[in-house]
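**Q** Turn this into a structure:
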Amino acid sequence: MLGKGRSVALLVGLWLVWAYSWIASKMGLPYMTPLQLAFWRTLLGLVTLATAMLLTRRSLRPTPFWPTFWLGMSQTAAFGSLTTMALLAGGAGKVSVLAYTMPFWTLLLARCFLNERLVGLQWGAVALACLGLTLIIQPWQLRGGPLSDVLAIAGGLAWAVAAVQAKRLRQRHRVGTVALTFWQMLWGVIPLGALAWLVPAPPVHVSWQLVAILLYLGVFASGLGWLTWMLLLSRLSAGMASLNVLAIPAVAVLMAWLQMGEAPDRIEGLGMLLIALALALLSGWTVWRERQAGA
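**A** Numbering: from 1, shown residues only. Okay, the predicted model is just below:
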């Protein structure tokens, strides 16, 4: 078992790896299309995850087909393709913030499909997030349409749909977390590969930079990243896990600012700050509820 200190160190490392994956994805787009990048990233992650499962002698027994299939369509295919396409026209930091609005869409979807009521500070968090989104998109001065913003938000919504699907699947079936991650990734990579092959695209510019980017995104961010997250879930509370959602977009914005000069303007910065505050409220509320339940 991991000690508490090692768990925290792994969590911080995961924040950094996943946050930088937004910048790495942005850097990979000059070499290939968003669909190609999403496909190769997922394929390498799948191979890494399968290798790790075999080395650790974890079962590769398939999970229930249709629930896992639709989970793969939303979490792997839709989220991966939408957010990568959003990076084509948008900044890495901004796209990461909009994609990580997932917890708020999850709250609303869970109210509709899981009969989970919004209570207490959750309403305030949703309101702050909506205000933050409005400030980031700035609908009062649109020039040519906010395509990147819409794609990033749609990616967060797809991730939220996947979260609800996963919860409903677990309510009806007993499945291993790592096996479920592997099989949903397997079904999700198939449409990504089909789209990457069918949609016309210029030749891929193969270089050592592209190889390094794909290895980082596939092996570390996707394969080992998900394995690390599953390991941490066995040690950390749900409240601590929710802090993961808070940290990643904040770190991604800082990294994009330092490396790529993507400094948000004042209104965008205020919108990002409001979303970060909403995430902090949501995380704090979750931790408080856990402590009340355990008291």
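**Q** what about the nearest residue to G193 once chain neighbours are set aside, which helix or strand?
**A** Using C-beta to C-beta, 6 or more residues apart in numbering and skipping residues adjacent in sequence, the residue nearest G193 is F39, 5.1 Å away. Every C-beta, even on glycine, is put in place using the N, C-alpha and C of the backbone. Following DSSP states H and E, one finds F39 within helix 34-55.
**Q** Please apply the same query to V175.
**A** Using DSSP H and E, no helix or strand contains V175.
**Q** That one: neighbouring residues, count only.
**A** Neighbour count for V175, taken as other C-beta atoms under 10 Å: 19.
**Q** picking up where we left off before, give the other helices and strands that the helix or strand just after the helix holding F39 contacts.
**A** Using DSSP H and E, the helix or strand that follows helix 34-55 towards the C-terminus is helix 65-71. Helix 65-71 sits against helix 147-172, helix 177-198, with contacts defined as 3 or more C-beta pairs under 8 Å, 6 or more residues apart in numbering; DSSP states H and E.
**Q** Please report phi then psi for P64.
**A** The phi/psi pair for P64 (degrees, to the nearest 10) reads phi -50, psi 130.
**Q** Not counting sequence-adjacent ones, nearest residue to it?
**A** Among residues not flanking P64 along the chain, H173 sits closest, at 5.1 Å (C-beta to C-beta, 6+ apart).
**Q** need the contact list for that neighbour.
**A** By C-beta atoms under 8 Å, 6 or more residues apart in numbering, the residues touching H173 are T63, P64, P67.
**Q** Could you dump these into CSV with distance to A280, pLDDT and neighbour count added?
**A** Putting the contacts of H173 into CSV (distance: C-beta to C-beta, whole Å; pLDDT from 0 to 100; neighbours: other C-beta atoms under 10 Å) gives the following:
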residue, distance to A280, pLDDT, neighbour count
T63, 34, 93, 20
P64, 36, 95, 15
P67, 33, 94, 19
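**Q** from the chain's centre, how far out does the lengthiest helix in the chain sit?
**A** If you go by DSSP state H, the chain has its longest helix at helix 266-294. Centroid separation between helix 266-294 and its chain, computed with C-alpha atoms, centre = their mean, to the nearest Å, is 17 Å.
**Q** pLDDT of it, averaged?
**A** Taken as a whole, helix 266-294 has a mean pLDDT of 77.
**Q** just checking, what packs against it?
**A** Counting by 3+ C-beta pairs under 8 Å, 6+ apart, helix 266-294 packs on helix 92-99, helix 102-113, helix 121-137, helix 238-260.
**Q** quick check: angle from it to helix 102-113?
**A** With axes from the mean of the first three to the mean of the last three C-alpha atoms, to 10 degrees applied, the angle from helix 266-294 to helix 102-113 works out at 60 degrees.
**Q** Same question for helix 266-294: list its buried residues.
**A** 268, 271-287, 289 (16 or more other C-beta atoms under 10 Å).
**Q** before we move on, the earlier item: among the helices and strands packed on helix 65-71, which is nearest V47?
**A** Smallest distance to V47 across the helices and strands packed on helix 65-71 (C-beta to C-beta): 10.0 Å, for helix 177-198.
**Q** In terms of secondary structure, what does that closest one contact?
**A** By 3+ C-beta pairs under 8 Å, 6+ apart, helix 177-198 packs against helix 34-55, helix 65-71, helix 79-89, helix 225-233.
**Q** try it again with 7 Å
**A** The contact analysis (3 or more C-beta pairs under 7 Å, 6 or more residues apart in numbering; DSSP states H and E) places helix 177-198 against helix 34-55, helix 65-71, helix 225-233.
**Q** How far off centre is the longest one?
**A** In terms of C-alpha atoms, centre = their mean, the centre of helix 34-55 is set 15 Å apart from its chain centre.
**Q** Compute the inter-axis angle for that helix and helix 79-89.
**A** Going by the same axes, to 10 degrees, helix 34-55 makes 140 degrees with helix 79-89.
**Q** contact partners of helix 34-55?
**A** With contact meaning C-beta atoms under 7 Å, 6 or more residues apart in numbering, helix 34-55 is reached by 25, 28-29, 60, 76, 80-81, 84-85, 88, 178, 181-182, 185-186, 188-189, 192-193, 195-196, 199, 201, 204, 214, 217-219, 222-224, 226-227.
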